[in-house]
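# just to be clear, the model below is a prediction. Sequence and coordinates:
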Amino acid sequence: MGYVEKNLMQGEKVFVVGRLHWTIFSKAILFNAAAAALLIYALKTSMAGEAQVSLLVRNAGFLALIPALWYLADASIKHHSTELAVTSKRVIAKFGFIKRNTIELNHSKVESFHVEQSVLGRLLGFGTLHINGTGGGITPIPQISDPLGFRRKAMEAIDASQN
């Protein structure tokens, strides 16, 4: 956890760390599965002697690998460059690798948390956490794993720091 650890204030401790859910890799998984299915089908048709069909399907399979690798790289960068944490003094969210976007809210500036989950999100355990700050600022954190647990631990940390 590079950014959070490097930017801790004196006496500040990390209470909870959040992660993005594995579903950020879903497009990469889908395209990889399609490419694998096409390449396996091409192999079977080439063994059956249908060379023209095999060549066409094989090329489509290799073409499907391009977006698969793109989405895999994109999701990997998001996964490794996103840091979410609640410390003894702040709520910190850092997004981005080259272009960085950070949100740091002191506990006294956090008004509420709002969790948004679809049916699939409830089944798989992910959702969007909206942090409402004073002054009307709303910070969405999409595809966070276990948003209800993160919210509960964040609220406990905020409550402990204010008492």
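Perfect, thanks for sending it. Numbers count the residues shown, from 1 in each chain.
# domain map for the protein?
2-20+83-162, 26-77 (automatic domain parsing).
# mind putting those domains into TSV with mean neighbour count and mean pLDDT?
Every C-beta, even on glycine, is put in place using the N, C-alpha and C of the backbone. Listed next are the domains of the chain as TSV, based on neighbours: other CB atoms under 10 Å; pLDDT from 0 to 100:
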stretch	mean neighbour count	mean pLDDT
domain 2-20+83-162	16	89
domain 26-77	15	88
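# within the helices and strands, which one has A157?
helix 147-162 (DSSP states H and E).
# what lies in contact with that helix?
Helix 147-162 is contacted by residues 15-16, 18, 84, 86-89, 91, 107-108, 110, 113, 115, 117, 126-129, 141, 144 when judged by CB atoms under 8 Å, 6 or more residues apart in numbering.
# now do stretch 107-115
So stretch 107-115 is contacted by 89-91, 127-135, 147-148, 151, 154-155, 157-158, 161-162 (CB under 8 Å, 6+ apart).
# how far does that stretch sit from the chain's center?
21 Å (CA atoms, centre = their mean, to the nearest Å).
# likewise stretch 156-163?
On CA atoms, centre = their mean, the centre of stretch 156-163 falls 27 Å from the chain's centre.
# convert it to PDB, retaining C-alpha atoms only.
Taking C-alpha atoms only, stretch 156-163 is exported to PDB below (Å, rounded to 0.1, in the frame of the first residue of the first chain):
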ATOM      1  CA  GLU A 156     -16.600   2.300  13.500                       C
ATOM      2  CA  ALA A 157     -13.200   4.000  12.900                       C
ATOM      3  CA  ILE A 158     -14.900   7.400  12.500                       C
ATOM      4  CA  ASP A 159     -16.900   6.800  15.700                       C
ATOM      5  CA  ALA A 160     -13.800   5.800  17.600                       C
ATOM      6  CA  SER A 161     -11.900   8.900  16.500                       C
ATOM      7  CA  GLN A 162     -14.700  11.200  17.500                       C
ATOM      8  CA  ASN A 163     -15.100   9.700  21.000                       C
END
